[in-house]
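Q: I'd like to go over a predicted model; first the sequence, then the structure.
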Amino acid sequence: MAVDLHAHTTASDGSLSPRELVNLAREIGLSAVAITDHDTIAGWDEAVEAGDALGIEIVPGVELSTAYEGGRFHLLGYYIDRHSTLIETLKEIQTARANRNHVIFDNLRALGLPLEEKEVRAFAGPTGQLGRPHFAQAMIARGYVTTTQEAFDRYLADGKPAYAPKAVLTPQEAIAYIHEAGGVASWAHPLRSKNLTFPDLEARLQDWIGWGLDGLEVVYSQYTPDEAEWATKMQQQYGLLGTGGSDFHGRSKPTVKLGVTNTGGPVADSVLHQVKARCDAIRASQHSKP
């Protein structure tokens, strides 16, 4: 059996609805898929309903944006309790994200690249949160750029003229929130962090382990062989869970296919069993506290 523990829907910046994503998971033979939208759990209910109908296990997850020592990093949380402080925090983050989007609209207008919200909304769907990939797609439709990568490289990436900072947690806060919610915290695609060497990343990893980090994404669609080797070495050296997934988004990342990682295929379901065991341990520890 095979799984994918990193996938996005229209609830954040993916192009497939939760139901469509689950349908695709069944078509390609996955037994489970994690819904890990950015800073939201809005896709869970639809995905679970579709998963129940199709016999696909849905892992309720989230991908949290964090900032630490001048860098931006992502943390995956698995098996989050929807009745937790984290869920309330995500609502606050969504409000801050909406305010950020207004700034991006203003910045683009000042650059002579105006967009209407309905144009961007057309790529996010009626209920999905707006994100920079949706801005990029609207810019392509307007003829301002020809690719999503060009939109980011010229306008939307950190430090570019249309960029606006967003409210994010620290890794320490994110790990604490995930654990308080009874979930498992894994560092997503650490090797995608810009301008950081392997020693830089290991130093940060040591800090995060001190804060309770559970896992490291060792199987990932865009790792080079050297990156995959480093991630596996760190996971084994520090006794972490080794998680994995495609980071599927659909149209905004057309070369990334659901269920396909740097290994050429999906993630073994034994990885999901390990995540579940760690989740059980976290919750048992919480219940044993006075």
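A: That came in fine, so what should we check first? Numbers count the residues shown, from 1 in each chain.

Q: show me what the helix or strand hosting residue 285 is packed against.
A: Residue 285 belongs to helix 269-288 when elements are defined using DSSP states H and E. Counting contacts by 3 or more Cβ pairs under 8 Å, 6 or more residues apart in numbering; DSSP states H and E, helix 269-288 is packed against strand 2-7, strand 57-68, strand 184-188, strand 215-220, strand 241-245. The C-beta positions use only the backbone N, C-alpha and C, and glycine is treated the same way.

Q: and for residue 141, the neighbour number?
A: By the measure other Cβ atoms under 10 Å, the count of residues near residue 141 is 14.

Q: just checking, it touches residue 119?
A: Yes - with contact defined as Cβ atoms under 8 Å, residue 141 reaches residue 119; the gap is 6.9 Å.

Q: any shared contact partners between the two?
A: Counting by Cβ atoms under 8 Å, 6 or more residues apart in numbering, no residue touches both residue 141 and residue 119.

Q: which stretch among the helices and strands packed on helix 269-288 comes nearest residue 87?
A: Proximity to residue 87 (Cβ to Cβ) singles out strand 57-68 among the helices and strands packed on helix 269-288, at 9.3 Å.

Q: pull the CA atoms of that closest one into PDB?
A: Taking Å, rounded to 0.1, in the frame of the first residue of the first chain, the C-alpha atoms of strand 57-68 are listed here in PDB:
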ATOM      1  CA  GLU A  57      -7.900   7.100   4.500                       C
ATOM      2  CA  ILE A  58      -7.600  10.900   5.000                       C
ATOM      3  CA  VAL A  59      -4.900  12.200   7.300                       C
ATOM      4  CA  PRO A  60      -6.000  15.500   8.800                       C
ATOM      5  CA  GLY A  61      -3.000  17.800   8.500                       C
ATOM      6  CA  VAL A  62      -1.800  21.300   8.100                       C
ATOM      7  CA  GLU A  63       1.300  23.000   6.800                       C
ATOM      8  CA  LEU A  64       2.300  25.900   9.000                       C
ATOM      9  CA  SER A  65       4.500  28.800   7.900                       C
ATOM     10  CA  THR A  66       7.200  29.800  10.400                       C
ATOM     11  CA  ALA A  67      10.100  32.200  10.600                       C
ATOM     12  CA  TYR A  68      13.300  31.700  12.400                       C
END
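
Q: for residue 290, give me the pLDDT.
A: As predicted, residue 290 sits at a pLDDT of 66.

Q: oh sorry, the question was meant for residue 121
A: Residue 121 is given a pLDDT of 89.

Q: distance of it from residue 240?
A: The gap separating residue 121 from residue 240 is 39 Å, by Cβ to Cβ, to the nearest Å.

Q: the more surrounded of these two?
A: Applying other Cβ under 10 Å to residue 121 and residue 240 shows that residue 240 carries more neighbours, namely 21 against 15.
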